[in-house]
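Chemist: Okay, sequence plus prediction incoming.
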Amino acid sequence: MKTKWIFIGLVVLLPIGCATTQKSSEIEQQIIKAGADSDIPVPDYARGIEGYVGSKVCKICHRANYEGWKTTYHSKYIQDPNAPGALVADFSIKSEYRTFELKDVDLLIGSRFKQRFMKRIGNDYYMFPAQWNVATKEWVKYFPEDEWWCKYYPNDWKQRPTSNLCDGCHTVGLMMTGNKFIEWNIACEQCHGPGKEHAFAPSINNIINPAKLPFDKANDVCFDCHAENLIPQEFLEKYGIRDYPVGYKPGEDLVKYKILVPFIPGKETNVFFSSGIAKKNRAQGNDFVRSTMYKRGIKCFSCHNPHSGKFTAMVYKPGNALCLTCHGEGSPSGPYVSNISEHTHHKPDSPGSQCIECHMPKIGKNAVALESRSHAFNFEYMSPEQTILYGQPNACNRCHQDKSPEWALEALKSWGGKGKWTWTRALEASSEMKKGRETEPSH
């Protein structure tokens, strides 16, 4: 089986054919009316995009999926600051980093983990140099300095246009065209491709259904935004310094437009821990492609439902119910035990028996550290060994914060667990590091 790293964004195509029961002129009028009704108007300079119609046109036939999508964060990543419930930041709190007021803000970006603020200047938008962290309820500095593209832009937020750095993943159409988009947010055509032909003559042959794509191209639909990337030099020369794959559309090979950021074993970067596991948000794809899940052909939307925000992270089922769909007791996919406690060595109703706390622990950084869940899945990558050898956070001590990694490793050893390295090597490494610290000269 071909195992490229490409990926497609969470989406199951809706029923088609409702338009065929109406005259084309009636459908055209509905499309014109729907397309004119936008929550956030698209600037004049971005209009006139060919082939796209906008999510409200999709709603004509696919109302259930549209209404479900409207409950997701994908549908409200970019919001009008005056829209009810859109603002989560507290502008009554003073901060040295925030030099602007709400009245200066034209668009909001984000709301779950963090909220940033966009200002329109001329024909583009720019990100104010402060963000609101939701978990800590505080203002912090926002001015990227360690991203790959930073060296190409001045140290002035008013000279870093979002159209080059952010909007490709936060609009529909800009990623494909490089200069036009039909609407803000991650909407239908971002995952299904241009929908004009399908809207006028519904057919399974003139729209992309990611569920029908090979697993690598299916995952590409998500990886276009949910993977830390490097853009090939030829595209940088053609389109300028863009932090998104200009020209890519669902169904194509994403690898032609972007490549995954490589990691160097033993070297920590702004993207990876020294072990090679991702340490920042939106790097789910970088971890996922190394997992057994990916190698077995699992797609992002095998777990995530792009048409529903009912459960956290847009999953189909809450808690263990989702994981145990495939990994239940006695399943050929593991964990080859008769009950959950036999596998976890924790009580069934404890956090230690929640699949994601061991296999997808919060070890990465979103707005704050230890907020983003790993998508590598293999516990060996989350083991206390990683902390002892590389200083990376581990799953065990995320809960047992009053204990040491060595304590956690000994507990695993007593259960008969096997690590990526031998327990002896890890514990010896820990002992050597301790000796080194004790003999280091003081400053």
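Modeler: Arrived safely, thanks for sending.

Chemist: how about low-confidence regions in the chain?
Modeler: Residue ranges of the chain with pLDDT under 70: 1-38, 417-443.

Chemist: Now do the domain split for it, please.
Modeler: Per the record's domain assignment (automatic domain parsing), the chain is made up of the domains 18-212, 320-349.

Chemist: and among those, the most buried is which?
Modeler: Mean neighbour counts were taken over the domains of the chain using mean count of other CB atoms under 10 Å, and the top value, a mean of 17, falls to domain 18-212. The C-beta positions use only the backbone N, C-alpha and C, and glycine is treated the same way.

Chemist: closest to residue 306 out of the domains of the chain?
Modeler: Proximity of the domains of the chain to residue 306 was assessed by CB to CB; the nearest stretch is domain 18-212, lying at 6.5 Å.

Chemist: can you tell me the helix or strand for residue 386?
Modeler: Assigned by DSSP states H and E, residue 386 belongs to helix 384-390.

Chemist: Would you map the strands across the chain?
Modeler: Ranges of strands within the chain are 78-79, 107-109, 114-121, 124-127, 130-133, 138-141, 171-172, 183-184, 229-230, 259-260, 362-364, 372-373, based on DSSP state E.

Chemist: Can you check which of those strands gets nearest to residue 304?
Modeler: Ranking the strands of the chain by distance to residue 304, with CB to CB as the measure, places strand 372-373 first at 12.1 Å.

Chemist: what's that closest one packed up against?
Modeler: Judged by 3 or more CB pairs under 8 Å, 6 or more residues apart in numbering; DSSP states H and E, the packing partners of strand 372-373 are strand 362-364.

Chemist: picking that back up, show me which residues of the helix holding residue 386 are buried.
Modeler: Residues of helix 384-390 classed as buried: 384-390 (neighbour count, 16 or more other CB atoms under 10 Å).

Chemist: Tell me the one among the residues you listed nearest to residue 238.
Modeler: Closest to residue 238 out of the buried residues of helix 384-390 is residue 390 (38.5 Å), distances taken as CB to CB.

Chemist: Pretty sure that closest one sits against residue 267.
Modeler: No: in terms of CB atoms under 8 Å, residue 390 does not count as a neighbour of residue 267; the distance is 10.2 Å.

Chemist: Quick check: neighbours shared by these two?
Modeler: By the contact definition CB atoms under 8 Å, 6 or more residues apart in numbering, residue 390 and residue 267 are jointly contacted by residue 274.

Chemist: What ranges does the stretch 251-400 of the chain have for its helices?
Modeler: With DSSP state H, counting those that start in this stretch applied, the stretch 251-400 of the chain shows helices at 284-288, 292-295, 320-327, 340-344, 355-359, 384-390, 395-399, listed in chain order.

Chemist: Check the stretch 51-200 of the chain too.
Modeler: Taking DSSP H, counting those that start in this stretch as the test, the helices found in the stretch 51-200 of the chain are 55-58, 63-69, 162-165, 174-177, 188-192, 196-200.

Chemist: Could you say which one of those helices comes nearest to residue 246?
Modeler: With CB to CB as the criterion, residue 246 lies closest to helix 174-177 of the helices of the stretch 51-200 of the chain, at 6.6 Å.

Chemist: Tell me which residues are up against the closest one.
Modeler: Judged by CB under 8 Å, 6+ apart, the contacts made with helix 174-177 from elsewhere in the structure are 46, 49, 163, 167-169, 180-181, 190, 194, 224, 244-249.

Chemist: which secondary structure elements does the helix holding residue 386 contact?
Modeler: helix 395-399, helix 405-414, helix 423-439.

Chemist: 6 Å instead?
Modeler: Judged by 3 or more CB pairs under 6 Å, 6 or more residues apart in numbering; DSSP states H and E, helix 384-390 is in contact with helix 405-414, helix 423-439.

Chemist: hmm, back to that, can I get the helices of the stretch 51-200 of the chain in CSV including distance to residue 141?
Modeler: Rendered in CSV, the data for those read as follows (distance: least, CB to CB, whole Å):
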stretch, distance to residue 141
helix 55-58, 34
helix 63-69, 33
helix 162-165, 17
helix 174-177, 27
helix 188-192, 30
helix 196-200, 43
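
Chemist: what's the nearest residue to residue 283 if we skip its chain neighbours?
Modeler: If the residues on either side of it in the chain are set aside, residue 283 comes closest to residue 228, at 4.6 Å by CB to CB, 6 or more residues apart in numbering.

Chemist: ok, that neighbour touching residue 271?
Modeler: Yes: with contact defined as CB atoms under 6 Å, residue 228 reaches residue 271; the gap is 4.9 Å.

Chemist: which residues are in contact with both of the two?
Modeler: When contacts are counted by CB atoms under 6 Å, 6 or more residues apart in numbering, residue 228 and residue 271 are jointly contacted by 261, 283.

Chemist: about what we covered before: so for residue 129, which of the helices of the stretch 51-200 of the chain sits nearest?
Modeler: Taking CB to CB as the measure, the helices of the stretch 51-200 of the chain were each checked against residue 129, and helix 162-165 came out nearest at 13.1 Å.

Chemist: ok, back up a step: if I pick the residue nearest to residue 283, what's in contact with it?
Modeler: Shown here is residue 228, whose contacts under the criterion CB under 6 Å, 6+ apart are 261, 271, 283, 286.

Chemist: run the last query once more with 7 Å
Modeler: Going by CB atoms under 7 Å, 6 or more residues apart in numbering, residue 228 touches 261, 271, 282-283, 286.

Chemist: and which of the residues you listed is nearest to residue 63?
Modeler: Relative to residue 63, and with distances defined as CB to CB, the nearest of the contacts of residue 228 is residue 282, at 30.3 Å.

Chemist: Without its sequence neighbours, what residue ends up closest to that closest one?
Modeler: Excluding its sequence neighbours, the residue lying closest to residue 282 (CB to CB, 6+ apart) is residue 226, at 5.7 Å.

Chemist: since we're on that neighbour, how many residues are nearby?
Modeler: Neighbour count for residue 226, taken as other CB atoms under 10 Å: 21.

Chemist: Verify the stated contact: it with residue 287.
Modeler: No: the pair residue 226 / residue 287 is not scored as a contact, 10.2 Å apart, by CB atoms under 7 Å.

Chemist: For the nearest residue to residue 285 once chain neighbours are set aside, give me its contacts.
Modeler: The spatial neighbour of residue 285 that comes closest, neighbours along the chain excluded (CB to CB, 6+ apart), is residue 227 at 3.0 Å. For residue 227, the set of contacting residues under the criterion of CB under 7 Å, 6+ apart consists of 7, 260, 283, 285-286.

Chemist: quick one: contacts for the nearest residue to residue 239 once chain neighbours are set aside?
Modeler: The spatial neighbour of residue 239 that comes closest, neighbours along the chain excluded (CB to CB, 6+ apart), is residue 246 at 4.5 Å. By CB under 7 Å, 6+ apart, the contact list for residue 246 reads 175, 178, 235, 239.

Chemist: TSV for the residues you listed, including distance to residue 159?
Modeler: Listed next are these as TSV, based on distance: CB to CB, whole Å:
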residue	distance to residue 159
175	22
178	19
235	21
239	18
